[in-house]
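Q: sequence first, then the predicted structure, then my questions.
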Amino acid sequence: MNETIRLERMSNGADAIGHLENGKTAFVAGGAPGDVATVEVVEDKPTFARARLVTLAEPSPLRVQQHCLQGDVCGGCPWQHLSYDAQIEAKRANVVAALVHTARFEAARAEELVGACLPSKRQWGYRNKLELGAARADNGTFLLGFHREGTHDIATPETCPLAHDAIAKAPKALRGALKFAQGTQDLGIFRVGVRHSLRTRDLEIALWTRPGSFPRAHVAKTVKSALKATSIVRVLADSGKARKIKGVETLEGKGCWGEELAGAVFLTSAPSFFQVNTAQAEKLIEEVILGLGGRMGEGGPEGLDGLLVADLYSGGGTFSVPLASAGADVIAIEAAGSSVRDLRRNAEMNGVDIEVVGGDAARELPELGGLDALVVDPPRAGLADGVVESIAAAAPERVAYVSCNPATWARDVARFEANGYRLVRVRPVDLFPQTHHVEVASIFERA
């Protein structure tokens, strides 16, 4: 049954939100706040419904023409029909809503705390990385493209306008090259990562494969003919969610990817995490430095002299290196072996001393003690049970919490406030234009 409804706001997801005649909340794919739309309910749950947009009786003034005609195929830019100002406002509103509904803040306090979302200068062509899924179709055809959200299906667009121009056409170019390189063989390729830097011009292609024999020279030569790379590597790993890494082989070039960030140089190996929007990552770093009492000088971060800071889930040093450059004494904790090696190398390259601890943050934290400040940038799941309590036991005066998931962040905000810390500063930063994703930089002070 179809209904005509007015859409009210964007959800913390791809869809717009409206209400059906019976009062039930409806999530409408492709909708925009202000649309008057006829929708068809496709999934009716006890507390909400999902609907598809049938016709627009009255389009929202927030709508703009879609930039990527293939966006509906892969689902990678579900907010591209919204003006950028509307995207920025919706992202801030979702952070406020997370504080109200999940952390149980008063609406007035949440509104006062959350600053304006820092926009990305590049609204297209901002991604320094593409992550492509690879598989064999039932007829044996080699597929390379983007996993549609929530499925194992692979969409195969020829380009991705979210990526830097140098790698925007990589899906088509690498699909053809790898199809040729493999011939009738199945080389076990299940994932391909492509990274590019606008600042260093480095371009790395990482072929994720199951362990086994592999025609290294032939594949490297074929891939490089399709995309001029400074590094081609093979990551030997088990496919599936765990992706247990067995090793990394350099097939061609330098064997890592170089980037410049916040006045520092970073080398990153293929399995290691690095933010996909370099310019916006610098804004995240600046928010953390400012929140801990430092500043961004002409030569880079400064003003944290003598501060003892722990950096949990430190990765390759995105925050650790700038914190140390600003004068802090940094203890960095990271569990992933490739990131630990990257971090030690990046500290040495940038001439800073960082105490690197390879281990689980929850296990290592109780051993630290006596901290002045702490930085935490966990995975999307947020902080594991007990970690907030361990942070409170270490008693840092300030905590900087960076999150890519407002829902789990807001849950942890409530935990911090229950353990003697008060949220004093929140800044959304848009690292992912044309999507609902947003990073949050927040600061807590010990009560």
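A: Everything's here; your move.

Q: wait, what's in contact with the spatially closest residue to residue 109 that is not a sequence neighbour?
A: Computed as CB to CB, 6 or more residues apart in numbering, the closest residue to residue 109 that is not its neighbour in sequence is residue 99, at 7.9 Å. C-beta: built from backbone N, CA, C; applies to glycine. Residues near residue 99 by CB atoms under 8 Å, 6 or more residues apart in numbering: 105, 109-110, 113-114, 410, 413, 426.

Q: if we use 6 Å, what do you get?
A: 105, 110, 410 (CB atoms under 6 Å, 6 or more residues apart in numbering).

Q: distance of it relative to residue 180?
A: 52 Å (CB to CB, to the nearest Å).

Q: do residue 123 as well
A: Taken as CB to CB, the span from residue 123 to residue 180 is 35 Å.

Q: go on, residue 440?
A: For residue 440, the distance to residue 180 - CB to CB - is 44 Å.

Q: now the strands for the stretch 51-200 of the chain?
A: 129-136, 142-147, 154-155, 189-196 (DSSP state E, counting those that start in this stretch).

Q: so residue 440 and residue 180 - more neighbours on which side?
A: Neighbours per residue (other CB atoms under 10 Å) separate residue 440 from residue 180, with residue 440 holding more: 26 against 14.

Q: and the residue nearest to the more buried one when sequence neighbours are not counted, how many neighbours?
A: Residue nearest to residue 440 in three dimensions, not counting chain neighbours: residue 403, with 4.8 Å by CB to CB, 6+ apart. Residue 403 has 25 neighbours, counted by other CB under 10 Å.

Q: and what of residue 153?
A: 14.

Q: what does residue 222 give?
A: Residues near residue 222, counting by other CB under 10 Å: 18.

Q: circling back to that earlier point, distance of the residue nearest to residue 109 from residue 403?
A: 12 Å.

Q: now do the contacts for residue 374.
A: 310, 396, 399.

Q: so which of those residues belong to strands?
A: Those of these mapping onto strands are 310, 399, per DSSP state E.

Q: can you tell me which of the contacts of residue 374 is nearest residue 210?
A: The closest of these to residue 210 turns out to be residue 310 (CB to CB; 37.3 Å).

Q: report the beta-bridge partner residues of that closest one.
A: Taking DSSP bridges as the rule, residue 310 bridges to residue 331, residue 374.

Q: wait, isn't it in contact with residue 367?
A: No. Between residue 310 and residue 367 there is no contact under CB atoms under 6 Å: 10.4 Å.

Q: those two - which one has more neighbours?
A: Legend: neighbour count by other CB under 10 Å for residue 310 and residue 367, higher for residue 310 (29 against 12).

Q: the more buried one: what's it in contact with?
A: Listed by CB under 6 Å, 6+ apart, the contact partners of residue 310 are 331, 368, 371, 374.

Q: PyMOL command to pick out the buried ones of those?
A: Per 16 or more other CB atoms under 10 Å, the buried members of the contacts of residue 310 correspond to this PyMOL selection:
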select buried, resi 331+368+371+374
